[in-house]
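Enquirer: the sequence and its predicted three-dimensional model are supplied below.
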Amino acid sequence: MQPGRPEQSLRLVRSRCAVIMAKPKGTAEKLEQWIFSNQIGLTPEAVKGAAKDIGGIQDFDAQYQTALQEVKADANLGATLKVSQTPTFYINGRKLIGTTITPPQYFDYLIELALKDAK
């Protein structure tokens with residue numbers, strides 16, 4: 001959550017909860033695309049509406065607390081790992097963040113190297 005920006009924090013949390021709820025329905029990717037495309041002016045109410053219309057989630061309020069627990073668990077894990085921004089990747093204990101991230105074509109190499117070192 002972002003201190004001093006409760007509206008933004010609420011819409012981000014609701015967005016993540018909606019995507020979690022959409023996963024079992026197979027509509028998470030479509031919902032994520034909609035959320036990403038509609039970031040400007042996105043409200044918690046709009047997220048709930050998109051969850052219903054795009055995600056097929058008819059019982060948003062009933063599922064919200066369960067999904068919220070998953071969001072909180074993810075946030076706690078991020079805090080434990082000292083994740084301060086996205087994207088952040090860990091490969092064999094090596095933290096890669098933001099602008100320090102290696103170009104994607106090297107990820108396979110880094111993973112292969114980590115697997116080799118693990119043997």
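Expert: In hand now; what should we look at? These numbers were taken from a predicted model, which means no experiment stands behind them.

Enquirer: quick one: residues contacting the residue nearest to the spatial centre of the chain.
Expert: Computing the C-alpha centroid of the chain and ranking residues by CA atoms, centre = their mean puts residue 16 first, at 5.9 Å. With contact set as CB atoms under 8 Å, 6 or more residues apart in numbering, residue 16 has these partners: 67, 71, 74. Yep, even glycine has a C-beta here, placed from its N, CA and C like the rest.

Enquirer: repeat that for 10 Å
Expert: For residue 16, the contact set (CB atoms under 10 Å, 6 or more residues apart in numbering) comprises 32, 35, 47, 67-68, 70-71, 74-75.

Enquirer: roughly how far apart are it and residue 107?
Expert: 24 Å (CB to CB, to the nearest Å).

Enquirer: try residue 44
Expert: Taking CB to CB, one finds residue 44 at 35 Å from residue 107.

Enquirer: next SSE after the worst-scoring helix or strand of the chain on mean pLDDT?
Expert: Across the helices and strands of the chain, the lowest-confidence element by mean pLDDT, DSSP states H and E is strand 94-97, at a mean of 80. Using DSSP states H and E, the helix or strand that follows strand 94-97 in sequence is helix 107-118.

Enquirer: send me that following helix as PDB with only the CA atoms.
Expert: Taking Å, rounded to 0.1, in the frame of the first residue of the first chain, the C-alpha atoms of helix 107-118 are listed here in PDB:
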ATOM      1  CA  PHE A 107      17.700 -14.900 -18.600                       C
ATOM      2  CA  ASP A 108      18.000 -18.400 -20.000                       C
ATOM      3  CA  TYR A 109      21.800 -18.200 -19.700                       C
ATOM      4  CA  LEU A 110      21.600 -17.000 -16.100                       C
ATOM      5  CA  ILE A 111      19.200 -19.700 -15.200                       C
ATOM      6  CA  GLU A 112      21.400 -22.400 -16.800                       C
ATOM      7  CA  LEU A 113      24.400 -21.000 -15.000                       C
ATOM      8  CA  ALA A 114      22.500 -21.100 -11.700                       C
ATOM      9  CA  LEU A 115      21.400 -24.700 -12.300                       C
ATOM     10  CA  LYS A 116      24.900 -25.700 -13.200                       C
ATOM     11  CA  ASP A 117      26.200 -24.000 -10.000                       C
ATOM     12  CA  ALA A 118      23.600 -25.900  -8.000                       C
END
